[in-house]
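S.K.: need a 3D model of the sequence below.
(4 chains, ligands or ions: 4)
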Amino acid sequence: MFFEKYDPLKEEMFAVLDKDGKVINKDEEPDIDDETLLKMYRTMVLARVADVKALQFQRQGRMLTFAPVQGQEACQIGPMAASDTKDWLVPAFREAAAMLYKGVTLEQSYLYWYGNERGSQFDEGVNVLPVNVPIGSQVNHAAGIAYASKILEKGESVFTYIGDGGTSHGEFHEGVNFGAVYDVPMITIIQNNQYAISTPRAQATKAKTLAQKAIAYGIPGIQVDGNDVLAMYRVAQEALKRARNGEGPTLIEAFTYRLGPHTTSDDPSIYRSDEEVEEWKTKDPLIRFRKYLSNKKLWNQEKEDKLQEEMKQYVIKTFKKVEKTGQYGPDDVFDFNYETMPKDLKKQKEDYLAYLKESEGE
Amino acid sequence: MFFEKYDPLKEEMFAVLDKDGKVINKDEEPDIDDETLLKMYRTMVLARVADVKALQFQRQGRMLTFAPVQGQEACQIGPMAASDTKDWLVPAFREAAAMLYKGVTLEQSYLYWYGNERGSQFDEGVNVLPVNVPIGSQVNHAAGIAYASKILEKGESVFTYIGDGGTSHGEFHEGVNFGAVYDVPMITIIQNNQYAISTPRAQATKAKTLAQKAIAYGIPGIQVDGNDVLAMYRVAQEALKRARNGEGPTLIEAFTYRLGPHTTSDDPSIYRSDEEVEEWKTKDPLIRFRKYLSNKKLWNQEKEDKLQEEMKQYVIKTFKKVEKTGQYGPDDVFDFNYETMPKDLKKQKEDYLAYLKESEGE
Amino acid sequence: MATLTLLGAINHTLEQQMEKDKSVVVFGEDAGFEGGVFRVTAGLQKKFGKDRVFDTPIAEAGIIGAGVGMAINGLRPVAEIQFSGFMFPGYNQIAMHMARMRNRSRGKYSVPMVLRMPYGGGVRALEHHSESLETLFAHIPGLKLVIPSTPYDAKGLLTAAIKDNDPVIYFEPKKIYRAFKQEVPEEEYTVEIGKARVVQEGSDVTVVSWGAMMRDTLKAIESLKDEGISVEVIDLRTIAPMDSETVVESVKKTGRFLVVHEAVKTLGIGAELISRVNEGAFFHLEAQPVRLTSPDITVPLPKGEHHHIVDQKRIAQAIKKLANFE
Amino acid sequence: MATLTLLGAINHTLEQQMEKDKSVVVFGEDAGFEGGVFRVTAGLQKKFGKDRVFDTPIAEAGIIGAGVGMAINGLRPVAEIQFSGFMFPGYNQIAMHMARMRNRSRGKYSVPMVLRMPYGGGVRALEHHSESLETLFAHIPGLKLVIPSTPYDAKGLLTAAIKDNDPVIYFEPKKIYRAFKQEVPEEEYTVEIGKARVVQEGSDVTVVSWGAMMRDTLKAIESLKDEGISVEVIDLRTIAPMDSETVVESVKKTGRFLVVHEAVKTLGIGAELISRVNEGAFFHLEAQPVRLTSPDITVPLPKGEHHHIVDQKRIAQAIKKLANFE
Ligand SMILES: Cc1ncc(C[n+]2csc(CCOP(=O)(O)OP(=O)(O)O)c2C)c(N)n1
Ligand SMILES: Cc1ncc(C[n+]2csc(CCOP(=O)(O)OP(=O)(O)O)c2C)c(N)n1
Ligand SMILES: [Mg+2]
Ligand SMILES: [Mg+2]
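M.R.: Ligands and ions are numbered 1, 2, ... in the order given. Modelled structure (predicted):
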């Protein structure tokens, strides 16, 4: 029903809020309890502060390369808030906000970007896959996880994320198609942030919208204002309904913008203008959502100041901890490739330990 | 213009002839001179006879595994007849008919399926790529050939073929998308013969038509009666117009049927019924085209009998020649991997020749 | 006890494991309804239903990547690649994910998955249907690779692979799918992954091979039985992790080493074995170790195959030469 | 004569070749407008236009496969894979087509294409950004693989690669992209593909390395200069076709052989070199040949990298040990 109302070929963008946080689509305003609304906002702020701080740490040489999420918090928090704990998140590499909402700790997130695999050893019950770097390949994992959920009757749905550039990849095609063929409970969210590193969206594909790629797989596709957390929540809700009813996958194009660099190694000023960035800053998902909350009397400047300070302190404390605990011994290198270490690898480890011991004296 | 009239989402099938070879779409009946019409028919018959005979040779243990083309001659001959000599054909593995029309000799075709690479050493000026086995990968070659044609201003257009099953492959996605992004002169023809080996079309993708996959790439897509050689000619003509005008790629779904087995190793009775096959035999592209030619007074039973006999003799003679010349010496193995043979490989060849000499005496 | 071909043993093992363990699923191109182009999975869909035994779209990255996902979420997928030459489009998933998910997640997620694929030449097939790609798996940390040469090992290794909590590549020597039969116990058993088998003890020369080539090797040795050469024959059986210990111990005894394989020479498994023999038994070597392999060229179409893969005669000749070297 | 970094030499060579030969085109993810994430292709689009220098969709099979097509139809594509770890989705095109088109068509079609990719570790990068995948190319017949370790060779090998009528994989040791400068002649010249370079002659030990590891090797030797060990150092430079002759001749002289590489041990290039040294200089070997490589594990994230790749200290220690072995 819901998806039939929106034709991806018409370039209609589904939205609930306008730029000023006012509800422009009353019928589709999701009914979210206050506690959840506040949790959503808190996580968006946490993700933002963590990002801003990490950029600073990185410039100080204390943090390694990472992929900032600034500007894309709504595409990530909306769907995660609409989902159950047991539903899965299969991220690409720019989903720090979604991961935090799903129960990955900031410490883990930082530890990962600090260069340590322990940051991907999420807690029991946190159904999140590690950061996935090879573009598109996560979509196939999502299809498989959803397939298992379906035939084991687990009732879990699966969210996976990909970028606009990623939709050109063969693995995206195979994964979405695989999910569609078996009607698995899988929701693919394209975060169209307008660029793949320096390459503009128009260079990725000639299709006018990315949502219309759904037609190739015989599933619904919809373009959504990705800076509108309520719209993202609402659409995810409907996609989840389909998933849970055994109606199969949905493809969501979240129209958004990356406010920061691609990664900390990137210099976006080479390929985009300040004006463009400034224009998008006026659509900042956090500001819009904050205004909505204020209109609902759930938020005010005092709370905002307090939260900002709280998050800042928390983030700094967490990063300092990571700097202490994030180091790496030989066991970390050798012990996780297999459940049981093969004999020849054991020998290599022994040799290396012997070398370390031997050279200690020098 | 042309393609806008046909909406792949509406499951309209473009056709010119009905089952009995009568023109049902006068406006779109292509204007083809008699000589070309007869060349088209002759090649269809040659392909058919070569196929039937090869199946016999194979059962006699004289021919190796091959992929029969029976039933799909129209999808192949129509577009090739519409194209220029300099236009390219980038086949998958079931395009024997198209290859013959483009100037691959029957001897070469047979030699290839007989198990000898010399069968892919086509003559100068024959712009055809060798049989391509890894599904989907040829589409990327086509995109590249078309890109070169475009920027070198060669005026060549490129046809590539793929099966219904192949459209699920990531390489199909990447290739068609690549071509679309750069508006290259490339035409992708999906021969939807209803099966990928034993797997029915419906299992390849949930999309109702394969033509609608074009929407994902922002290019025109059309579903065509693939057993109607005039429809295939006509559509190819329009696609070529686009290609030559720099308007970019077109995707054509040719709705057809493989009358024979997938390959000679396949037993289709496992997965499809006799009734289904019989039903499709009534739509045999050769019969339809022959009726059309008869209606045009270009053909009659006498000519048919003569042609059949001529082709049979030609095919048998050619195969016998291949049996004589198709053997393989060590030079054939070693000499074609590099323009200049590397030293270490030279040594390996010498050693092997020495071994052959040594063991000759035994 | 049943008398089974290698193919029969695989089919029987899949059926047995699917019966014992509800989490085992089987899929691949044409692997469901028709039971695979070689009929290795024949009968399974009928018995276990379409959810557990199914046909996939033609999409190797999809098959393997979805398999990784299934394995993460509670299934034990046994996926089929129709021919090993078609694993290439899925190699990203194999090398970057199957092999790495455990390490990447520090053990939170593992991939108890088996990837079956028929491999090897000698069946007069089309291009890409005859490759021997051991190296491409054995070079990747995190992967195991096993290759049975007998029905007994086919069952034992496949059972071990399915029970393994890490991914296992399972190569099937299609040339000998139906070449001979052997008694195979009905009850479940495993053959340890990572353990070579000494097929025959001997003291003059050590010969290592595996898969279909094992048969040619044994025939070659049979043809030499009047020559008075005592050959120790090892079926490597697991390519990764490589049981070099067994090989090294043997070479310490014989001082002479020959490896025979279908893959090309450069960076074939023979290169690794020679290096390990050097590392483990250098001062026992009485002659230069020898690789008998295909030359470094693309697998020819069938009419040229006999110039590519070594045969019984060449193996016999190489053994004789090595044994007689002074 | 200009003084250039390795990266600068590549950029200069691309520009020179594009100027001389209108059929050369350059493309890859972000390789056009911004000139690549490392800026290797910076300035080229501006100079030669968008048709000849362009950004591609993120699609490695597309990039490489289209490159094969371009090469068939009259262009000389120089395609970039952003990091060698992302070649996997395009490996099918590399191994099945780039490498085979000439053979498949018996010479009617050739693939005069260069596939550039930054490779190797030591730059504290994300997962998949530090791989050393030499083996995956050198094992495939029909492919050439070159790796420069100096700006001079970077230009000479790239020029040779572009002029080669067969496909060449060109690995760029990104760790030393900007590590040092060297005089590079302005005029066009080639360095022969398939020819190793004897960096330093010596009589006690032969050490072979390449790429970024060459630098660590040379530093290690420098650190040993008071030990009285005469080391012959070879920069392999071309991995395929492998110039084992130069290596074998050296080992005949020294009797001792060490290979140092970044890739994992099992089936790394070291395995092939040891096998060839065995085949060519077995009776000259005075000590067991030695591989100094990364262990057989997945490349760790940056915090663990120093436990993975060998360093100058370990190289020095290995040379000393080998030289002193009796
Ligand atoms: C298979 C593969 N190829 C190349 C890369 C290098 N790479 C990392 S991010 C990126 C751009 C991604 O763009 P998009 O999909 O739009 O996601 P975004 O970064 O904008 O979130 C590229 C090319 C990669 N990670 N994986
Ligand atoms: C990448 C790849 N995977 C698997 C195969 C094995 N295979 C050969 S033909 C075929 C079915 C192809 O079906 P379709 O695309 O519909 O073409 P058709 O055979 O019907 O012409 C398969 C799976 C292959 N050739 N390439
Ligand atoms: Mg993007
Ligand atoms: Mg088909």
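S.K.: so what's A:Glu362 scoring on pLDDT?
M.R.: Note for A:Glu362: predicted pLDDT of 58.
S.K.: which parts of the stretch 151-300 of chain A are strands?
M.R.: Per DSSP state E, counting those that start in this stretch, the stretch 151-300 of chain A has strands spanning A:158-163, A:186-192, A:195-196, A:199-200, A:221-225, A:250-255. These are given in chain order.
S.K.: same list (those) but as CSV, adding mean neighbour count, distance to D:Glu286 and mean pLDDT.
M.R.: No exception for glycine: its C-beta is placed from N, CA and C like everyone else's. As requested, these are arranged in CSV below (neighbours: other C-beta atoms under 10 Å in any protein chain shown; distance: least, C-beta to C-beta, whole Å; pLDDT from 0 to 100):
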stretch, mean neighbour count, distance to D:Glu286, mean pLDDT
strand A:158-163, 30, 57, 98
strand A:186-192, 29, 61, 98
strand A:195-196, 22, 55, 98
strand A:199-200, 20, 56, 97
strand A:221-225, 27, 69, 98
strand A:250-255, 28, 66, 98
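S.K.: report the rounded mean pLDDT for stretch C:293-302.
M.R.: The predicted model gives stretch C:293-302 an average pLDDT of 97.
S.K.: actually stretch C:227-241, sorry about that
M.R.: Across stretch C:227-241, pLDDT averages out at 97.
S.K.: how about low-confidence regions in the stretch 151-300 of chain C?
M.R.: In the predicted model of the stretch 151-300 of chain C, no residue satisfies pLDDT under 70.
S.K.: what residues go with each domain of chain C?
M.R.: Following the assignment in automatic domain parsing, chain C carries domains at C:2-184, C:197-323.
S.K.: save those domains as JSON lines, and put in mean neighbour count and distance to ligand 1 too.
M.R.: Conversion of the domains of chain C to JSON lines gives the following (neighbours: other C-beta atoms under 10 Å in any protein chain shown; distance: least, C-beta to the nearest ligand atom, whole Å):
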{"stretch": "domain C:2-184", "mean neighbour count": "23", "distance to ligand 1": "7"}
{"stretch": "domain C:197-323", "mean neighbour count": "22", "distance to ligand 1": "25"}
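S.K.: bridging residues for the spatially closest residue to A:Arg272 that is not a sequence neighbour?
M.R.: Spatial nearest neighbour of A:Arg272, excluding adjacent residues (C-beta to C-beta, 6 or more residues apart in numbering or on different chains): A:Tyr195 at 7.1 Å. Under DSSP bridges, the beta-bridge partners of A:Tyr195 are A:Pro200.
S.K.: my guess is A:Tyr195 contacts A:Pro261. True?
M.R.: No. Distance between A:Tyr195 and A:Pro261: 10.2 Å, which falls outside the contact criterion (C-beta atoms under 8 Å).
S.K.: so what sits against both of those two?
M.R.: Counting by C-beta atoms under 8 Å, 6 or more residues apart in numbering or on different chains, the common neighbours of A:Tyr195 and A:Pro261 are A:Pro268.
S.K.: what's the closest non-adjacent residue to the residue nearest to the spatial centre of chain A?
M.R.: Closest to where the C-alpha atoms of chain A average out (C-alpha atoms, centre = their mean) is A:Glu95, at 2.1 Å. Taking C-beta to C-beta, 6+ apart, and ignoring the residues beside it in sequence, A:Glu95 has A:Tyr161 as its nearest neighbour in space, at 5.2 Å.
S.K.: my read is that that neighbour contacts A:Gln191, right?
M.R.: Yes. Applying C-beta under 8 Å as the test, A:Tyr161 and A:Gln191 come out as touching, 6.1 Å apart.
S.K.: give the residues shared as contacts by these two.
M.R.: Common contacts of A:Tyr161 and A:Gln191, defined by C-beta under 8 Å, 6+ apart, comprise A:Gln76, A:Arg94.
S.K.: beta partners of the residue nearest to A:Glu95?
M.R.: According to DSSP bridges, beta-bridge pairing links A:Tyr161 with A:Ile189.
S.K.: C:Thr41 against C:Gln82, yeah?
M.R.: No. Counting by C-beta under 8 Å, C:Thr41 sits too far from C:Gln82 to count as a contact (11.4 Å).
S.K.: can you pull out the strands in the stretch 101-250 of chain C?
M.R.: Using DSSP E, counting those that start in this stretch, the strands assigned to the stretch 101-250 of chain C run over residues C:114-119, C:144-146, C:168-173, C:181-184, C:197-200, C:205-209, C:231-235, C:238-240.
S.K.: what of the stretch 1-150 of chain A?
M.R.: Taking DSSP E, counting those that start in this stretch to define them, one finds strands in the stretch 1-150 of chain A at A:88-90.
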